[in-house]
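>>> After the sequence you'll find the predicted model.
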Amino acid sequence: MPSLGHKKILVVEDEQDILQLITLYLEKEGFRTVSAKTGAEGLRQVKQEKPDLVVLDLMLPEMDGLEVCKRLRSAPDTALLPIIMLTAKAEESDTIIGLELGADDYVTKPFSPKTLVARVKALFRRLERKPDENSTQYHYGDLIMDLARHEVREKNTEVPLTAKEFGLLEQLLRNPGRVLTREILLSTIWGYDYYGTTRTVDVHVRRLKQKLPSLNDAIMSVKSLGYKLKEPC
Ligand code: CA
C-alpha cells in the first residue's frame with residue numbers, strides 16, 4: 001500500500017483539546033496537519049494549504065460545519081475534496097444532513113482518536129480504489145460503459161446516448177458515492193464558458209434515467225446541491 005504520509009489534513013475544530021488530540025494522532029500516523037478554529041478560517045486554509053482531506057466539526061462558532069461543507073461542495077476546485085464530518089450529537093438527523101450536504105463520512109462525538117484515524121485511512125483507500133482518468137470501462141450492475149468505443153450497454157443491449165448524456169454518465173460512474181454539484185457537472189460537461197442554467201443538468205439527468213432504467217434508483221438527487229450515484233453493493 002502506498003504511504004499516506006505525504007497527505008495533508010486540515011482539521012477544523014473550535015475545541016482546543018479535541019483539536020490537539022486529533023492532530024497529535026494524525027501526525028503520529030505520519031500525516032501532515034493544518035488546523036482552523038472557525039468555519040471561515042477553515043475555508044481560508046483550504047484555499048491556502050490545499051489539504052488532501054478535511055476533518056470538519058459540525059458545531060463551530062458563526063459559520064457551522066454544514067455551511068462550510070456546502071460552500072466547499074459548491075466551488076469547482078473543492079467540489080470533490082474528501083470531508084469527514086464530526087457530529088456533536090448522536091442524532092441521526094445531523095448525520096443525514098451532513099451526508100446529504102456532501103460529507104464523505106462522519107464520526108460521532110465522543111469518539112476515540114484511533115477510530116477517526118481509521119476512518120481517515122479508509123476514506124483515502126476508498127478514493128484511491130476508484131477508477132482513474134485512464135480507465136476505459138466502467139461496470140455498474142447490468143451496465144457497461146466503454147469509453148474507447150463510446151458505447152453504453154444495459155443488459156447487453158446498446159443504449160444510444162447523446163454526447164452530454166454520455167458525459168454525465170461518465171462523471172457519475174467515475175465518482176460513485178460522491179456528491180456532484182450542478183455547477184461542477186456544468187463546468188466539466190458543458191464547459192466553463194457555458195451560459196446555460198443549472199436546470200439544464202436536471203433535464204439531462206431525467207433523460208438519462210429514462211434511457212437507463214437500471215440507474216433510476218441509483219442516481220440520487222442531493223437536496224439543493226446536485227446528484228450522487230449510489231456506491232455499488
Ligand atoms: Ca465544536
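Sure, I can see it.

>>> Let me see the contact set for the spatially most central residue of the chain.
Geometric centre of the chain, nearest residue: R178, 3.8 Å, by Cα atoms, centre = their mean. Counting by Cβ atoms under 8 Å, 6 or more residues apart in numbering, R178 makes contact with 80, 102, 104, 228. All C-beta atoms are positioned from the backbone trio N, CA, C, and that covers glycine.

>>> TSV for the residues you listed, including secondary structure?
What follows is the contacts of R178, written out as TSV (DSSP: H, G, I helix; E, B strand; the rest coil):
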residue	secondary structure
L80	coil
G102	coil
D104	coil
K228	strand
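
>>> Where does the prediction get shaky in this protein?
When residues are selected by pLDDT under 70, those of the chain lie in 1-5, 88-101, 129-135, 192-196, 233.

>>> give me the element V34 is part of.
Element membership for V34, per DSSP states H and E: strand 32-36.

>>> Get me the contact residues on this structure for the ion.
Within the chain, the positions lying close to the ion (Cβ under 5 Å from the ion) are 14, 57, 59.

>>> one more time with 8 Å
By Cβ under 8 Å from the ion, the residues of the chain that approach the ion are 13-15, 18, 57-60, 86, 88.

>>> Could I have the ChimeraX command that selects the buried members from these?
Selection of the buried residues among the residues of the chain next to the ion in ChimeraX, burial being defined by 16 or more other Cβ atoms under 10 Å:
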select :13,14,15,18,57,58,59,60,86
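
>>> Residue most distant from the centroid, the protein?
Most peripheral residue of the chain (Cα atoms, centre = their mean): T157, 31.0 Å.

>>> what about it, distance to the ion?
In this structure, T157 and the ion are 52 Å apart, going by Cβ to the ion, to the nearest Å.

>>> what sits opposite that residue in the beta ladder?
E154 (DSSP bridges).

>>> Next one: it relative to I22, how far apart?
Look at T157 and I22: by Cβ to Cβ, to the nearest Å, they are 50 Å apart.

>>> Can you show me the helices along the protein?
In the chain, helices defined by DSSP state H lie at 16-28, 39-49, 65-74, 92-100, 113-129, 163-174, 182-185, 199-211, listed in chain order.

>>> how is this protein carved up into domains?
The chain is divided into the following domains under automatic domain parsing: 4-128, 137-229.

>>> Packed most tightly, which of those would that be?
Highest mean neighbour count among the domains of the chain (mean count of other Cβ atoms under 10 Å): domain 4-128, with a mean of 18.

>>> For V222, which of the helices of the chain is the nearest?
Closest of the helices of the chain to V222 is helix 92-100, at 5.8 Å (criterion: Cβ to Cβ).
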